[in-house]
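K.L.:
Sequence first, predicted coordinates after that:
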2 protein chains.
Amino acid sequence: MWQLHQFPLCPFSRKLRLLMGEKGVSYELKRENPWEESDELWALNPAGRTPVLHDPDKNLTLCDSRAICEYLEETVERSPMINGTAVGRAEIRRLVALFDENFYADVTAPLLQERMRKRLVLREPPDSRVLRQAMKNAHAHLDYIDWLIDNRAWVAGATMSLADLAAAAQISVADYLGGIDWKDHGPTQRWYSVFKSRPSFRPMLSEKMEGIHPPAHYAKVDI
Amino acid sequence: MWQLHQFPLCPFSRKLRLLMGEKGVSYELKRENPWEESDELWALNPAGRTPVLHDPDKNLTLCDSRAICEYLEETVERSPMINGTAVGRAEIRRLVALFDENFYADVTAPLLQERMRKRLVLREPPDSRVLRQAMKNAHAHLDYIDWLIDNRAWVAGATMSLADLAAAAQISVADYLGGIDWKDHGPTQRWYSVFKSRPSFRPMLSEKMEGIHPPAHYAKVDI
Ligand SMILES: N[C@@H](CCC(=O)N[C@@H](CS)C(=O)NCC(=O)O)C(=O)O
Ligand SMILES: N[C@@H](CCC(=O)N[C@@H](CS)C(=O)NCC(=O)O)C(=O)O
């Protein structure tokens, strides 16, 4: 069985869990805190990062969430998530990169730094200037997602794709950390609440990161 | 014809140019300085980044170098660069991510900041502490590439792949900026000098970034 090395607020691990949930691939969770720089994580992944997908029976180790998503797409037929024409697939991958890289750098990473690492590891108070900027950035990213969803059925086109999973993964971590102000983002909010009620998503919503409490609306699927 | 929006020291654009060179895809260069935040770049790419591959006749715009590489791989049969079994392809993509993300963040990005942006844009002297750290990081990354090449014919396995192109693209920018000390990296140096003599690579070696001069060894293919 696959073992997914992750921690509850790693957005790239969440993207993978959504994909494996949609595809019906079973796995067990292995807790890994990348900031502890454990020898085990470095031995599995020379980049020292989560997620790692590892099958000890087959002696198979896969690293980097996008490489892993492509692998699952190539090996599991059910629920294709990088589908369509070459141009359509390029659009899905462009948006996955936008959420994995830009949304992460602008919003999720500073929130994780200020509200998770400073609390659990550095034992410092968060910097409210950085938090304010991250929330402003979130607002701009949600404006763009609103626009996408106003113009298409799903984020990258007519069907659900890996771009939706990548967006939902980043948004869910930012929302857990109190970084999303849903006011004025009706389209994204409706898309996200449909998403939250999917069987692939629900288990994650009840998981907690020790010592960090999400806002009351976080796990509610009807708002 | 494709237009590639780029600047001479963008490593992600170099990776694409190597891939298009190997595949025999022709294109023209469009100069773009992402730090100028031009409206034209933002209109083409909502992430405001280079590279962008654009075909005005077909009204087709592709963004994110990895998404573009996958597109070229799917649409151009010649010289496949993400090839082999699903596990082999996952290894190629893992290494592309390692060079695009980790080598870039640890080595190329600080060198670009200190030796290019500070000179051309901010008009400040470089921070020698940051430069020393980037060169130390380069050393550690080259150790890993030495190890890969000692154990495989090419970076990701028995044949040349996108991982080689991604590594060469980052290394060539770091080398241009004086960030690579080749001493003690025989395997990578030999692999890189083979690479430099390829027709896909040679044109880039003679291009200059205005105001920034590469070290004497940079464009020599025999060392
Ligand atoms: N491109 C990687 C990014 C993974 C990543 O940044 N993971 C974070 C946790 S959310 C991490 O392990 N950071 C520790 C580090 O970079 O040293 C992926 O998609 O898997
Ligand atoms: N993941 C992107 C990264 C592109 C990237 O970081 N490009 C740099 C130039 S080397 C850039 O435009 N930076 C400006 C910015 O991020 O605002 C890709 O592979 O295309």
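P.N.:
Perfect, thanks for sending it. Ligands and ions are numbered 1, 2, ... in the order given.

K.L.:
Domains in chain A, by residue range?
P.N.:
Following automatic domain parsing, chain A resolves into domains at A:2-75, A:86-205.

K.L.:
With A:Cys69 as the reference, measure out to the spatially most central residue of chain A.
P.N.:
Centroid check for chain A by Cα atoms, centre = their mean gives A:Ala169 as the closest residue, at 2.5 Å. Here A:Ala169 is placed at a distance of 11 Å from A:Cys69 (Cβ to Cβ, to the nearest Å). Where you see a C-beta, it was placed from the backbone N, CA and C, and this is true even at glycine.

K.L.:
Could you do A:Leu16 as well?
P.N.:
7 Å.

K.L.:
now swap in A:Arg49 and tell me
P.N.:
15 Å.

K.L.:
Out of these two, name the residue with the larger neighbour count.
P.N.:
Legend: neighbour count by other Cβ atoms under 10 Å in any protein chain shown for A:Arg49 and A:Cys69, higher for A:Cys69 (26 against 22).

K.L.:
my read: that one touches A:Thr75, true?
P.N.:
No - counting by Cβ atoms under 8 Å, A:Cys69 stays clear of A:Thr75, with 11.1 Å between them.

K.L.:
quick one on the thing from earlier: give me the common contacts of A:Ala169 and A:Cys69.
P.N.:
Residues within reach of A:Ala169 and of A:Cys69 at once, by Cβ atoms under 8 Å, 6 or more residues apart in numbering or on different chains, are A:Lys15.

K.L.:
you'd agree A:Asn83 is in a strand?
P.N.:
No - counting by DSSP: H, G, I helix; E, B strand; the rest coil, one finds A:Asn83 to be coil, located in no strand.

K.L.:
Figure out how far the longest helix seen in chain A is from the centre of its chain.
P.N.:
In chain A, with assignment by DSSP state H, the single longest helix is helix A:128-151. Centroid separation between helix A:128-151 and its chain, computed with Cα atoms, centre = their mean, to the nearest Å, is 16 Å.

K.L.:
May I see the buried residues of the helix-or-strand element of chain A with minimal mean pLDDT?
P.N.:
Ranked by mean pLDDT, DSSP states H and E, the weakest helix or strand in chain A is helix A:202-205, scoring a mean of 93. By neighbour count on 16 or more other Cβ atoms under 10 Å in any protein chain shown, the buried set for helix A:202-205 is A:204-205.

K.L.:
What are the contacting residues of that helix?
P.N.:
So helix A:202-205 is contacted by A:8, A:14, A:17, A:21, A:172, A:196, A:218-219, A:221 (Cβ under 8 Å, 6+ apart).

K.L.:
Please repeat the previous calculation with a cut-off of 6 Å.
P.N.:
Outside helix A:202-205, the residues that touch it by Cβ atoms under 6 Å, 6 or more residues apart in numbering or on different chains are A:Ala219.

K.L.:
ranges for the helices of chain A?
P.N.:
All helices of chain A, identified by DSSP H, fall at A:11-23, A:39-44, A:65-75, A:86-97, A:109-111, A:128-151, A:162-176, A:186-196, A:202-205.

K.L.:
Just name the most buried of those helices.
P.N.:
Mean neighbour count (mean count of other Cβ atoms under 10 Å in any protein chain shown) peaks for helix A:162-176 among the helices of chain A, with a mean of 27.

K.L.:
Just the CA coordinates for it, please, in PDB.
P.N.:
The C-alpha trace of helix A:162-176 is given here as PDB (Å, rounded to 0.1, in the frame of the first residue of the first chain):
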ATOM      1  CA  LEU A 162      -6.300  18.900 -11.500                       C
ATOM      2  CA  ALA A 163      -6.400  22.700 -11.600                       C
ATOM      3  CA  ASP A 164      -9.600  22.600  -9.400                       C
ATOM      4  CA  LEU A 165      -7.800  20.300  -6.900                       C
ATOM      5  CA  ALA A 166      -4.700  22.400  -6.800                       C
ATOM      6  CA  ALA A 167      -6.800  25.600  -6.200                       C
ATOM      7  CA  ALA A 168      -8.900  23.900  -3.500                       C
ATOM      8  CA  ALA A 169      -5.800  22.500  -1.700                       C
ATOM      9  CA  GLN A 170      -4.200  25.900  -1.400                       C
ATOM     10  CA  ILE A 171      -7.500  27.700  -0.500                       C
ATOM     11  CA  SER A 172      -8.300  25.100   2.200                       C
ATOM     12  CA  VAL A 173      -5.000  25.600   4.000                       C
ATOM     13  CA  ALA A 174      -5.300  29.400   3.700                       C
ATOM     14  CA  ASP A 175      -8.900  29.100   5.000                       C
ATOM     15  CA  TYR A 176      -7.800  26.900   8.000                       C
END
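
K.L.:
Thank you kindly, that will do.
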